[in-house]
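Q: Build me a model:
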Amino acid sequence: MIAIEDQYGDYQRDYHNQKRKSTQDCGPIPAIESIVRRSSCERSLEAWCLTYFAGWFPLPFCEDHKRVLSKAEAAVLDGLLFAFAMPRGSGKTTIAKACALWAVLYGHRRWVEIVAATGKMSEKILSDIKKQLRTNDLLIRDFPEVCVPFVHLEGSPLRARGQHCNGTPTFIEWSKDQIVMPRIAGTKCAESRITCHSIDGAIRGQQASLQSGEMIRPDMVLGDDPQTKASAKSKLETEYRREIIMGDILGLAGPTSKIAGLFPVTVIQRNDLAFSLTDQKASPEFRGERTQLVYSFPSDDRMWEEYFRLRENNLAAGGDGTIATEYYRENRAAMDAGGLVAWPERFAQPFESALESAMYLRYRDPEAFAAEMQNDPLEQGGDDTRFLTPQEIIGKQNGYARGLVPQAATELTAFIDVQQDSLWWMLCAWRSGFDGWIVDYGVYPKQNQSYFTKYKLRHTLAGRFPNMGTEGAITAGLNELVDYIASRDWKRDDGVTMSKPFIMVDSGKWTETIYTFTRSMKDRHRVMPSKGRGVTAANVPFYEFKPKAGERIGLNWLLAPLSHNKAIHLLQHDANFWKTFVQTRLKTANGDSGSISLFNGTAYDHRLVSDHIGGSETCVKTEGRGRTVLEWSRKPDRPDNEYLDCLVGCAVGASYSGVSIEQHASPKRIIQPRKPRKATPL
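A: Numbering: from 1, shown residues only. Predicted coordinates for the structure are as follows:
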């Protein structure tokens, strides 16, 4: 009986040993299906991508893709560095993954190290590469000596232990952070490997000993998006990550070997890590490329303006926006004129073309478009100077209709910014605590479009007053505009009519003309010339001035009579302080004390004013005389900032009128209804 049990035990043991050996043996390896196809891609990364990864690249490559592929190919073959930023969705990371496999399977590189901003991100890239080795049918048929052993694992890392091929160990490895290629006779990539780490992980000192006794180190790095949104906004974090790349990562190959480097990056803001690596002046060794979605924009602003109006109104009414696409389809030749997109095939329904899709992306969020699609982000402040974007400003609506004054308001102020061809104005309501409501704004002469620039106006002062010179037209326009603002019945939501607004007129460009105009006003104390001064950290601030006779000093503003005409008082203000002040008020949440908000309207309605206020200027922090100042300057690609100046002027006027930052003081007077006066139509 015992002998039978022993025999049965031996049988079971032999059976399981034989079964384990059969599962561990991945041989015999099939023959290569097409040596010609395989060989045709050995020196061409573009052919490799299109041949073996058609599912990854379903659309034809554009010229930008071909240029990027050529530089990536040279980086692998010649041991060079290459950093490239492409529009989001262009496949830059997918190209990098295909390049890593190409480098290893053909033996161009022995060890590819994947580095990403986090460990999970690098593991995701490695997981995608592993999936191709197991499931890409064409790759398996043309590279059977590499792929078949991986297929045999059936995704189990445990099966890698003891795997052999026809009795010979393959020394294969398969884990979440590493794969080691099988050692099969005649294989160029035997024991080559692909590993992954986060950028702040234990990267240094990597080396491995092969079965032949040879010692290898990483000779290629794939640095995919090595920054995060948070690190991009920190100068210290950006410098830290750059130091890791230049020292730890590029030193992986050792002091006597060249390392190939491929860095697909996403530019988040100017001077971040991605911006630096792709800047050929700042980092020439990386041979940087920044491609764009659109290389030139269409010339017919008027038709695109109508397109955006149609789309926004249709979406607001519950439609899908296709009415705008129909308009584009009917006028495509004229609307495409002057436009050039990098990748014509890149668009999806319901859009008719890549240009239409791109134009709507830019309209919807100009700042995101500039960064993510153009790789040319707009200037922004640092971590502690982050103010609202134009899109965020559009969202700061307060629920009041245009022209309606909130019941809580006690003061109205208006500001007029004077340009040669136009007058830009804004009217705001205020109460103590500096709660502010933008009640109305506009341009005189009135334009029949919602979005435009001051250099492309359909209606001008010269056209409105054809028989006058520039100064005469400005004066005539001011007379009509001031009369309109002053005589209009600005009603609160409880039906009470507000007192006349305090109106300031910018005197910076047409000084004597404005002085003469304000001097002629009957209600002179309600219409006053104004001027902003950029007080820097090195200058003496307004609050340190000692007022002279006839002067009055307030919150970074000074009211003083003109030296050559004591009858005219000029209200000057610190433009840097007040721009920071209103931007901070806009950033303050609705409902909190000291918040500025917009009247209700569509995104289309408020696009121009929000671009002026949130997108026209940038600031830098400076220090001097024991104080810190945010100094504001115009962005070079944003010529218009008139509504920002108007909002600043209205806030200065509120301070002059007695509004303080202190929490909701009681109104200084009771507002009584007055007899309505008919406003002069503009």
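
Q: So the spatially most central residue of the chain: helix, strand or coil?
A: Nearest residue to the geometric centre of the chain (C-alpha atoms, centre = their mean): Ala368, 3.2 Å. Going by DSSP: H, G, I helix; E, B strand; the rest coil, the secondary structure assigned to Ala368 is helix.

Q: Which residues are in contact with it?
A: Gln391 (C-beta atoms under 8 Å, 6 or more residues apart in numbering). No exception for glycine: its C-beta is placed from N, CA and C like everyone else's.

Q: Tell me how far it lies from Arg88.
A: 9 Å (C-beta to C-beta, to the nearest Å).

Q: phi, psi of Gln269?
A: Dihedral pair for Gln269: phi -150, psi 160, per degrees, to the nearest 10.

Q: what's near enough to touch it?
A: Gln269 touches 232-233, 275, 371, 377, 380, counting by C-beta under 8 Å, 6+ apart.

Q: Write the ChimeraX selection for whichever of these are buried.
A: A single ChimeraX command selects the buried members of the contacts of Gln269 (16 or more other C-beta atoms under 10 Å):
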select :232,233,275,371,377,380
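
Q: and of the contacts of Gln269, the nearest to Arg332?
A: Ala371 (28.1 Å; C-beta to C-beta).

Q: Touching, Val535 and Gln572? I think so.
A: No - the criterion here is C-beta atoms under 8 Å, and Val535 misses it with Gln572 at 9.8 Å.

Q: Name the residues contacting each of the two.
A: Phe542.

Q: Name the SS class of Ser212, please.
A: With three-state DSSP as the criterion, Ser212 reads coil.

Q: so what's it up against?
A: So Ser212 contacts nothing (C-beta under 8 Å, 6+ apart).

Q: okay, now the domains of the chain?
A: According to automatic domain parsing, the chain comprises the domains 37-290, 294-377, 390-656.

Q: Minimum distance to Pro30: which of the ones you listed has it?
A: Of all the domains of the chain, domain 37-290 sits nearest to Pro30, with 4.6 Å by C-beta to C-beta.

Q: how long is that closest one end to end?
A: Domain 37-290 has its terminal residues 32 Å apart, counting by C-alpha to C-alpha, to the nearest Å.

Q: Would you map the helices across the stretch 551-682 of the chain?
A: Along the stretch 551-682 of the chain, the segments classed as helices by DSSP state H, counting those that start in this stretch run 575-587, 603-615, 642-656.

Q: can you state the direction angle for the longest one and helix 575-587?
A: Taking axes from the mean of the first three to the mean of the last three C-alpha atoms, to 10 degrees, helix 642-656 and helix 575-587 form an angle of 90 degrees between their directions.

Q: can you check the second one too?
A: Here the directions of helix 603-615 and helix 575-587 differ by 140 degrees (the same axes, to 10 degrees).

Q: which residues are in contact with helix 603-615?
A: Contacts of helix 603-615 with the rest of the structure, by C-beta under 8 Å, 6+ apart, involve 308-309, 312-313, 363, 366-367, 378, 387-394, 397, 438, 441, 450-452, 582, 586, 598, 635, 638, 640-644, 647.

Q: Give the ChimeraX command for selecting the buried subset of those residues.
A: In ChimeraX syntax, the buried subset of the contacts of helix 603-615 is picked out as below (16+ other C-beta under 10 Å):
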select :308,309,312,363,366,367,378,387,388,389,390,391,393,394,397,438,441,450,451,452,582,586,598,638,640,641,642,643,644,647
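
Q: residue contacts, Arg311?
A: 321, 323-324, 360.

Q: redo that, cut-off 7 Å
A: Residues in contact with Arg311, defined by C-beta atoms under 7 Å, 6 or more residues apart in numbering, are 321, 324, 360.

Q: What is the nearest of those residues to Gln407?
A: For the contacts of Arg311, the nearest to Gln407 is Gly321 (37.2 Å; C-beta to C-beta).

Q: show me what contacts the closest one?
A: 311, 314-315, 350.

Q: picking that back up, now render the domains of the chain as JSON lines, adding distance to Pro28 and mean pLDDT.
A: As requested, those are exported to JSON lines (distance: least, C-beta to C-beta, whole Å; pLDDT from 0 to 100):
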{"stretch": "domain 37-290", "distance to Pro28": "6", "mean pLDDT": "92"}
{"stretch": "domain 294-377", "distance to Pro28": "43", "mean pLDDT": "92"}
{"stretch": "domain 390-656", "distance to Pro28": "61", "mean pLDDT": "91"}
